[in-house]
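[1] no sequence on this one, just coordinates:
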């Protein structure tokens, strides 16, 4: 973990001081990474957590899981009405003597900035869950918010560098790198794919430009020109480029070798059925899909940019290649197909590293230590 090291204040790690923490969350949507890791945090944290959800999206599907935790859940379905949200949050803070308030995303950061003005003794913690930053009036607003915040969390050192480059004020602020946590994938059944002679690659990704699935399609073209017919790439995800990619696959007659599955809920089934994992995004802020693949003991080919080099050490826990070079991707994929001992070693090393660094236990412990630090 980069940035400041978060430590307990004594050797026995006794939690003599429990904080009251209010986490401001956009929705209950557990298909998104932030609500998912928030659920883990409030379930296992040693502190007293409250959650303010500013929309009730996916409430019917996932709200019961939040209610089953020891946290106090409050719903404020007021759309973009800042006054009503602020009023509701201030009531929670005053009624329960909240000490720390924690959020992410522009709207959540805006709420925290206003709350800090109204309750200046409150500790404000902002978490950055991606590397991209807003421009225009939003950037101007966030500059003022960040001046008032007490601490910041970055999901990778890469995100920290990118954010400080856009907002130099962050250089002078307390900043902590806390990697996301994930669990071993769980699935009842393996995906029904004939693997007698086929090596299955999996990519879990939105079909957008920055996710860069195009380079995988191009790599499959390269492998087909080389006469390789024992591979199959499954892409789980949806997005604006779905039609374009499907058309290209049909044009080049790649249907037997690459399949766009669309959005998939059961990623665990896909992971356990695959032989290897591909992740070509070139501006990845963390890469929770990569961490999940590591937990599943899969050999991985990833881009050598963004935060991915923090997750993958080339030739140790994975193979990292130029995100835009289809020949490099084809070569790395073929290396895994042809060298089974290498693929097995990379998978084992990846799982061991992920269990140590990207576990839910490590994630929660780091946040618990940070909350405690903020109270001092």
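    It's in. Quantities reported herein were computed from a predicted structural model and do not represent experimental measurements.
[2] a helix runs through residue 302, doesn't it?
    No. Counting by DSSP: H, G, I helix; E, B strand; the rest coil, one finds residue 302 to be strand, located in no helix.
[3] Count the residues that sit near it.
    For residue 302, the count of nearby residues is 28 (other C-beta atoms under 10 Å). Any C-beta I mention is one placed from the backbone N, CA and C, and that applies to glycine too.
[4] didn't it look like it was pressed against residue 314?
    No. If you go by C-beta atoms under 8 Å, residue 302 and residue 314 don't touch, sitting 9.2 Å apart.
[5] Please enumerate the shared neighbours of the two.
    Residues touching both residue 302 and residue 314 (C-beta atoms under 8 Å, 6 or more residues apart in numbering) are residue 320.
[6] By mean pLDDT, point me to the weakest helix or strand of the chain.
    helix 267-273 (a mean of 88; mean pLDDT, DSSP states H and E).
[7] could you give me the average pLDDT of the next helix or strand after it?
    Counting by DSSP states H and E, the next helix or strand C-terminal to helix 267-273 is strand 276-279. Averaged over strand 276-279, pLDDT sits at 98.
[8] could you say what helices and strands the least confident helix or strand of the chain packs with?
    strand 199-204, strand 231-236, helix 288-295 (3 or more C-beta pairs under 8 Å, 6 or more residues apart in numbering; DSSP states H and E).
[9] Phi first, then psi, for residue 260.
    phi -90, psi 110 (degrees, to the nearest 10).
[10] returning to that earlier point: can you tell me which of the helices and strands packed on helix 267-273 is most buried?
    helix 288-295 (a mean of 25; mean count of other C-beta atoms under 10 Å).
[11] Also compute the angle for that one relative to strand 199-204, please.
    Taking axes from the mean of the first three to the mean of the last three C-alpha atoms, to 10 degrees, one finds helix 288-295 and strand 199-204 inclined to each other by 140 degrees.
[12] which other helices and strands contact helix 288-295?
    Using 3+ C-beta pairs under 8 Å, 6+ apart, helix 288-295 sits against strand 199-204, helix 267-273, strand 276-279, strand 300-303, helix 308-311, helix 340-357.
[13] Residue 49 is nearest to which of the ones you listed?
    helix 340-357 (23.5 Å; C-beta to C-beta).
[14] could you give me the average pLDDT of that closest one?
    The model assigns helix 340-357 a mean pLDDT of 96.
[15] Determine the number of other residues adjacent to residue 79.
    10.
[16] Then residue 246?
    Using other C-beta under 10 Å: residue 246 sits among 15 other residues.
[17] Closest to the centroid, which residue in the chain?
    residue 288 (4.1 Å; C-alpha atoms, centre = their mean).
[18] correct me, but that residue touches residue 183?
    No. Assessed by C-beta under 8 Å, residue 288 is found out of contact with residue 183, at 11.1 Å.
[19] so where's the stretch 151-300 of the chain shaky on pLDDT?
    185-196 (pLDDT under 70).
[20] just the helices in it please.
    Assigned by DSSP state H, counting those that start in this stretch, the helices in the stretch 151-300 of the chain fall at 157-166, 214-225, 242-251, 267-273, 288-295.
[21] now those helices in a markdown table, with distance to residue 114?
    Below are those laid out as a markdown table (distance: least, C-beta to C-beta, whole Å):
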| stretch | distance to residue 114 |
| --- | --- |
| helix 157-166 | 21 |
| helix 214-225 | 42 |
| helix 242-251 | 39 |
| helix 267-273 | 37 |
| helix 288-295 | 30 |
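[22] hang on, the earlier thing: might you report the residue contacts of the residue nearest to the centre of the chain?
    By C-beta under 8 Å, 6+ apart, the neighbours of residue 288 are 33, 180, 182.
[23] How many neighbouring residues does the last one have?
    Using other C-beta under 10 Å, the number of residues around residue 182 comes to 24.
[24] could you measure it against residue 364, distance?
    Plainly put, residue 182 is 12 Å away from residue 364 if you go by C-beta to C-beta, to the nearest Å.
[25] if I look at residue 158, how far off is residue 75?
    From residue 158 to residue 75 the distance is 34 Å (C-beta to C-beta).
[26] So which of the two has more stuff around it?
    residue 158 (22 against 16).
[27] And the nearest residue to that one once chain neighbours are set aside, its phi and psi?
    Computed as C-beta to C-beta, 6 or more residues apart in numbering, the closest residue to residue 158 that is not its neighbour in sequence is residue 307, at 4.0 Å. In terms of degrees, to the nearest 10, the main-chain angles of residue 307 are phi -90, psi -10.
[28] Residue 94 falls within a helix, correct?
    Yes. Counting by three-state DSSP, residue 94 is located in a helix.
[29] What about it, how many residues nearby?
    Residue 94: 10 neighbours (other C-beta under 10 Å).
[30] repeat for the one 4 residues further on
    Burial of residue 98 is recorded as 22 neighbouring residues (other C-beta under 10 Å).
[31] close enough to count as contact, it and residue 123?
    No. Look at residue 98 against residue 123 with C-beta under 8 Å: they stay out of range, at 9.3 Å.
[32] leaving aside the residues next to it on the chain, what's closest to residue 202?
    residue 274 is the one closest to residue 202 (C-beta to C-beta, 6+ apart), at 3.7 Å.
[33] ok, so what distance separates that neighbour from residue 300?
    Distance from residue 274 to residue 300, by C-beta to C-beta: 10 Å.
[34] How about residue 366?
    24 Å.
[35] more neighbours, these two?
    residue 300 (28 against 19).
[36] quick one: contacts for the residue nearest to residue 158?
    With C-beta under 8 Å, 6+ apart, residue 307 has these contacts: 131, 155-159, 284-287.
[37] Which single one of these is nearest to residue 373?
    residue 155 (18.2 Å).
[38] What is the burial count for the closest one?
    Neighbour tally, residue 155, other C-beta under 10 Å: 25.
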